[in-house]
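A.B. asks: only geometry, no sequence info:
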């Protein structure tokens with residue numbers, strides 16, 4: 001059997017594995033090629049396998065409905081938009097309509113100035129400028145009578161609420177004796193990736209018709225919390241959430257107008273804005289989500 005000193009000499013050439021060499025010291029190597037293990041090492045290995053973590057590993061989905069309408073511009077954005085539009089107009093080529101309108105205006109000016117009637121020929125009955133002026137009047141009259149219908153922003157289940165803002169899907173679930181608002185979440189199962197667990201969380205809570213596009217294979221955020229005392233198990237005190245970013249596909253909007261949550265797990269659900277998070281989520285939880293929310 002190799003001595004302890006011999007094994008130390010073997011691993012001196014690999015200083016980057018000091019822990020490995022120390023563990024292999026406890027393994028007795030026989031010259032006949034058979035390996036035996038130290039009972040102390042077996043006991044240590046058995047204990048490390050049977051000892052479970054006090055935290056449950058879970059995957060969550062930060063599902064966002066992107067804005068349906070363009071957000072309103074602030075003063076600086078409006079000035080910049082006007083500037084770029086003016087520059088684009090100055091550098092662009094004239095359309096056929098614009099070229100004809102300029103030609104008509106030149107003919108009218110020359111006729112009003114008393115030009116030669118034989119040379120000045122008015123070959124149009126109505127000028128393009130008159131047509132534009134009439135369209136402008138009709139447009140203004142339409143705006144005076146038109147009233148944009150505001151969506152029902154009070155109904156938190158309507159996916160069309162607050163169309164100029166991003167909305168986040170949250171669920172209300174029972175945790176022990178408490179009722180809490182949280183992202184769609186499920187516990188990680190052995191044999192699946194965290195991404196697959198996140199997809200299962202969404203399908204379990206709202207069915208397989210929920211079409212969502214995940215942004216990556218890796219989680220975008222992390223959050224952990226402790227269970228209420230009445231909900232704690234002997235070997236588990238809390239959960240670690242690995243949060244995945246996802247957004248709602250526009251083509252699936254109709255499917256989610258009337259979500260049918262899993263009644264065995266989800267008590268209620270809501271689509272909320274960034275500013276509404278503080279009303280439903282804990283401050284630290286809300287901060288983590290706001291940092292990664294699309």
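C.D. replies: That came in fine, so what should we check first? Note that the coordinates shown come from a computational prediction; the quantities given were computed from them, not determined experimentally.
A.B. asks: which parts of the stretch 151-294 of the chain are helices?
C.D. replies: Secondary structure of the stretch 151-294 of the chain (DSSP state H, counting those that start in this stretch): helices at 194-206, 277-280, 283-292.
A.B. asks: I meant the stretch 1-150 of the chain, not that one.
C.D. replies: Going by DSSP H, counting those that start in this stretch, the stretch 1-150 of the chain shows helices at 4-11, 18-25, 39-50, 75-91, 96-112, 128-145.
A.B. asks: buried sites along the longest one?
C.D. replies: Spelled out, it's helix 128-145. residue 128 (16 or more other CB atoms under 10 Å). Placement of C-beta: from N, CA and C, glycine included.
A.B. asks: hang on, the earlier thing: out of the helices of the stretch 151-294 of the chain, which gets nearest to residue 149?
C.D. replies: helix 277-280 (26.1 Å; CB to CB).
A.B. asks: how far away is residue 96 from residue 157?
C.D. replies: 51 Å (CB to CB, to the nearest Å).
A.B. asks: more neighbours: which of the two?
C.D. replies: Per other CB atoms under 10 Å, whichever of residue 96 and residue 157 has more neighbours is residue 157, with 14 against 7.
A.B. asks: need the pLDDT of the more buried one.
C.D. replies: Looking at residue 157, its pLDDT stands at 88.
A.B. asks: now swap in residue 54 and tell me
C.D. replies: 82.
A.B. asks: next: residue 167.
C.D. replies: Residue 167 carries a pLDDT score of 93 in this model.
A.B. asks: bridged to it, which residues?
C.D. replies: Judged by DSSP bridges, the bridge partners of residue 167 are residue 65.
A.B. asks: tell me the contacts of it?
C.D. replies: With contact taken as CB atoms under 8 Å, 6 or more residues apart in numbering, residue 167 is in contact with 64-65, 159, 161, 271-273.
A.B. asks: report the two of these separated the most.
C.D. replies: Maximum distance among these (CB to CB): 13.8 Å, for 64 and 161.
A.B. asks: low pLDDT regions in the stretch 51-200 of the chain?
C.D. replies: Along the stretch 51-200 of the chain, the parts satisfying pLDDT under 70 run over 51-52, 115-119.
A.B. asks: residues near residue 170, how many?
C.D. replies: Neighbours of residue 170 (other CB under 10 Å): 24.
A.B. asks: that one: what's it in contact with?
C.D. replies: 181-183, 269-270, 272, 280-281.
A.B. asks: now compare those and name the two farthest from each other.
C.D. replies: Going by CB to CB, the pair spanning these furthest: 269 and 281, at 13.6 Å.
A.B. asks: okay, those two: which has more neighbours?
C.D. replies: Shown here are residue 269 and residue 281; by other CB under 10 Å, residue 281 has more neighbours (21 against 18).
A.B. asks: give me the domain ranges for the protein.
C.D. replies: In the assignment given by automatic domain parsing, the structural domains of the chain cover 4-50, 55-67+165-292, 76-145.
A.B. asks: all strands for the stretch 151-294 of the chain, in order.
C.D. replies: Taking DSSP state E, counting those that start in this stretch, the strands of the stretch 151-294 of the chain run over residues 167-175, 178-182, 185-187, 212-214, 221-226, 238-248, 268-272.
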